[in-house]
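[1] Sharing a model prediction with you, sequence too.
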Amino acid sequence: MPELPEVETIRRELAPRVVGRRINEVEIRWPGIIARVSPDIFRQRVQGARVTGMGRRGKYLLWTLEPEGTVIVHLRMTGQLHHHPSPVPGDKHTHLIMRLDDGSEVHYRDVRKFGRWYWTSAPEEVVGHLGPEPLSPEWTVEEFAAALGRRRRPIKALLLDQGVVAGLGNIYADEALFVAGIHPLRRGDTLHVEEVRRLHEAIRQVLLEALHAGGSTFSTYQRPDMGEGTYQRRHRVFRRTGHPCPVCGTPIERIRVSGRSTHFCPHCQR
DNA sequence: ACCACAACCTGGCCGC
DNA sequence: TGCGGCCAGGTTGTGG
């Protein structure tokens, strides 16, 4: 489940291989992954364009094209991007192949086909609903507090709301709440200033730690060079139900919050 | 405005 | 061994 650290890792590995290259051909094997425009239009707009930059907003990867437009990719649950120096056939889960002008290929694999590819001349129409970037210095405690202060939903649900802050998913929401010592069912509007400050810092800390580890690798996430992230080894609570809390030893509990499995320490997160 | 839940998909796992 | 059913979780859409 690629979240911000995984998408940023992918961006860093893919960009040097792709930026500056011309996209000679786009092969779409599963048209359902193309959103907003028809697969034919997508192919027309992308084929022949040159990639001049690769950026990220939240969990979205943005490829800037010349002469016009932006390709935006969201990997959702199981999407993977791989770069191959020379042509390979792909497998039954390979749904899109880009052939570049140096003979290399970018392959998109997605077992569950939830991921989406966009072409747009107005990226804000796709990513404009996103809240601030948590690793940007412009994301302040004050802004975070303002986004939480009026909300009655559980803090776990608010962290997963991409309009509150962009890029957190189930893993890093649970990890950040643990580091901040906040119970996932606390209502947003009941957090004290000090707790908001701790959570703001915890979010940045776990995202940066994960980024330095190359993200978390489960069966469904791989880096473009086929390497693996290692942050899953350092998860404190996520998918560690019954294991001892790394701080106090109390068994980690699992509950459902807003329909999502949620892991926490009942002693450290009251 | 708020919330719950289904839908999108498939593979892995569990129990029988 | 095989089969049915459930679960995983990001996002959108629907309905209460």
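    That came through, no problem. Numbers count the residues shown, from 1 in each chain, chains lettered A, B, ... in the order given.
[2] so for whichever strand or helix holds residue A:44, what's the average pLDDT?
    Element membership for residue A:44, per DSSP states H and E: helix A:39-46. Rounded to a whole number, the mean pLDDT of helix A:39-46 is 95.
[3] tell me, how many neighbours does the closest residue to DNA strand C within the stretch 101-250 of chain A end up with?
    Proximity of the stretch 101-250 of chain A to DNA strand C (Cβ to the nearest atom of the strand) peaks at residue A:169, 2.7 Å away. Any C-beta I mention is one placed from the backbone N, CA and C, and that applies to glycine too. Residues lying near residue A:169 (other Cβ atoms under 10 Å) number 21.
[4] So, low pLDDT: which residues of the stretch 101-250 of chain A?
    A:219-227 (pLDDT under 70).
[5] where do the helices sit along it?
    In the stretch 101-250 of chain A, the segments counted as helices under DSSP state H, counting those that start in this stretch are A:124-127, A:141-149, A:155-160, A:170-180, A:193-212.
[6] how much space between residue A:19 and DNA strand B?
    Here the criterion is Cβ to the nearest atom of the strand, to the nearest Å. By it, residue A:19 lies 31 Å from DNA strand B.
[7] ok, now how distant is that residue from DNA strand C?
    23 Å.
[8] Run through the residues that contact the residue of the stretch 101-250 of chain A closest to DNA strand C.
    A:1-3, A:59, A:160 (Cβ atoms under 8 Å, 6 or more residues apart in numbering).
[9] which bits of the stretch 151-270 of chain A sit near DNA strand C?
    A:160, A:162, A:169-171, A:239, A:260-261 (Cβ under 7 Å from any atom of the strand).
[10] At the contact with DNA strand B, which residues of the stretch 1-150 of chain A appear?
    A:32, A:92-93, A:111-114, A:150.
[11] And the buried ones among these, selectable in PyMOL?
    Applying 16 or more other Cβ atoms under 10 Å to these, the buried members can be selected in PyMOL as follows:
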select buried, chain A and resi 93
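[12] quick one: which two of the residues of the stretch 1-150 of chain A next to DNA strand B are the most distant?
    A:92 and A:150 (47.1 Å; Cβ to Cβ).
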